[in-house]
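**Student:** Structure for this input, please:
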Amino acid sequence: MSLLKEKDRQHLLKEFAALREPVKLLVFTQEVECQYCSDTRLIAEEIAGLSDKITLEIYDFVADRAVVEQYGIDKIPAVVVMRGGERPQDYGIRYYGIPAGYEFSSLISDIMMISRGDSGLSAEAKAYLSALDKPLHLQVFVTPTCPYCPPAVHLAHQLAFESEWVRADMVEAIEFPHLSMKYQVQGVPRTVINETTHMEGAAPEAMLLTKIKAALAV
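**Tutor:** This is a model prediction of the structure:
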């Protein structure tokens with residue numbers, strides 16, 4: 001059974017007609033699929049079926065340990081969005097939890113960004129990220145029903161696209177309650193910066209960069 005409505009399929013077919021560079025999706029699930037694993041896999045399969053510019057690889061979290069470790073996957077369901085083709089590149093863009101509801105738009109935005117080859121960030125942000133020399137880990141906690149979450153997720157993924165030092169995770173708060181408790185997530189979106197700092201809401205680029213600079217200066 002298709003998870004995408006026909007009108008959504010037609011809309012994506014038009015959007016994907018503009019894809020330039022190939023994009024690859026890696027989905028991590030397991031033999032006995034977890035509660036949201038099968039739907040995450042099905043979403044990725046349907047997306048990949050809409051364009052020959054999008055390829056899909058599916059891995060078992062238990063059996064494919066080498067690949068799991070290569071991409072630093074520590075929970076499932078997980079999706080890696082990266083450049084495909086003859087010059088594959090992992091940008092550190094991760095989805096932990098089903099990219100459904102409002103977060104489906106984040107996934108599509110990331111696919112378009114990677115294929116376009118441009119993050120869309122300001123010149124100032126790109127200059128800062130090009131000079132970055134410290135690891136930066138962003139975890140954006142979301143729920144599928146949150147309309148303010150996709151901008152926060154996509155901004156974090158834009159930063160990851162620009163720098164090899166940045167890893168940016170969407171984390172679905174309901175699916176990973178132990179992490180929501182650990183990081184005291186009481187509302188979404190909540191962006192956790194390097195375990196020590198956090199930001200509430202869908203902050204604009206300049207505000208997030210200010211927070212990141214302060215966190216990295218500690």
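**Student:** Give me the domain ranges for the chain.
**Tutor:** With domains defined by automatic domain parsing, the chain comprises 6-116, 123-217.
**Student:** can you give me the helices for the protein?
**Tutor:** Applying DSSP state H to the chain gives helices spanning 6-16, 37-48, 65-70, 103-116, 123-130, 149-162, 177-182, 205-217.
**Student:** ranking those helices by burial, who's on top?
**Tutor:** helix 149-162 (a mean of 26; mean count of other Cβ atoms under 10 Å). The way it works is simple: take the backbone N, C-alpha and C, and place the C-beta from them, glycine included.
**Student:** give the contact list for the nearest residue to Gly117 once chain neighbours are set aside.
**Tutor:** Using Cβ to Cβ, 6 or more residues apart in numbering and skipping the chain neighbours, the partner closest in space to Gly117 is Glu21 (5.8 Å). Counting by Cβ atoms under 8 Å, 6 or more residues apart in numbering, Glu21 touches 53, 83, 85, 114-117.
**Student:** Out of these, give me the two with the largest separation.
**Tutor:** Of all pairs drawn from these, the one with the longest distance (Cβ to Cβ) is Gly85 and Arg116, at 14.2 Å.
**Student:** before we move on, the earlier item: switch the domains of the chain over to CSV; also include mean pLDDT.
**Tutor:** CSV is the format used below for the domains of the chain (pLDDT from 0 to 100):
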stretch, mean pLDDT
domain 6-116, 97
domain 123-217, 97
